[in-house]
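*Asks:* requesting a structural model of the entry that follows:
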Amino acid sequence: MQAIKEKLHDMSEVRQAKAEAKEEEKVEKRVAHEMRMAKEAQATVKLHVNKASEMAAEYDRKQHLPEHEQSDPIETGRITGGPPAHTHLL
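*Replies:* Numbering: from 1, shown residues only. Coordinates of the predicted model:
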């Protein structure tokens, strides 16, 4: 009878150990997922920071250009090299 009780106790401990291992695996997967999400978020932030700094640099560059060089290339006709775009209305 004692052997049966020990066997049942051992089986119970094995089940408990398996359940704990399974729970640890779930936690590890969730942590790995959150780490991936954090890395993706950091990459997105870096992309937007770089884009913003490029836009700021472009703005600063335009602020230092003479006024005649700041005009819209479509209105001046510099995109195609032809006459200004508004002349077709005359």
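*Asks:* where does pLDDT dip in this structure?
*Replies:* Counting by pLDDT under 70, the low-confidence segments of the chain come to 67-90.
*Asks:* just the helices in it please.
*Replies:* 2-63, 73-76 (DSSP state H).
*Asks:* if I look at the most centrally placed residue in the chain, how far off is Ala32?
*Replies:* By CA atoms, centre = their mean, the chain has its centre lying nearest to Thr44, at 2.8 Å. As judged by CB to CB, to the nearest Å, Thr44 and Ala32 stand 19 Å apart. Any C-beta I mention is one placed from the backbone N, CA and C, and that applies to glycine too.
*Asks:* tell me the contacts of Arg15?
*Replies:* Listed by CB atoms under 8 Å, 6 or more residues apart in numbering, Arg15 has no contact partners.
*Asks:* any idea how far Arg30 is from it?
*Replies:* Distance from Arg15 to Arg30, by CB to CB: 23 Å.
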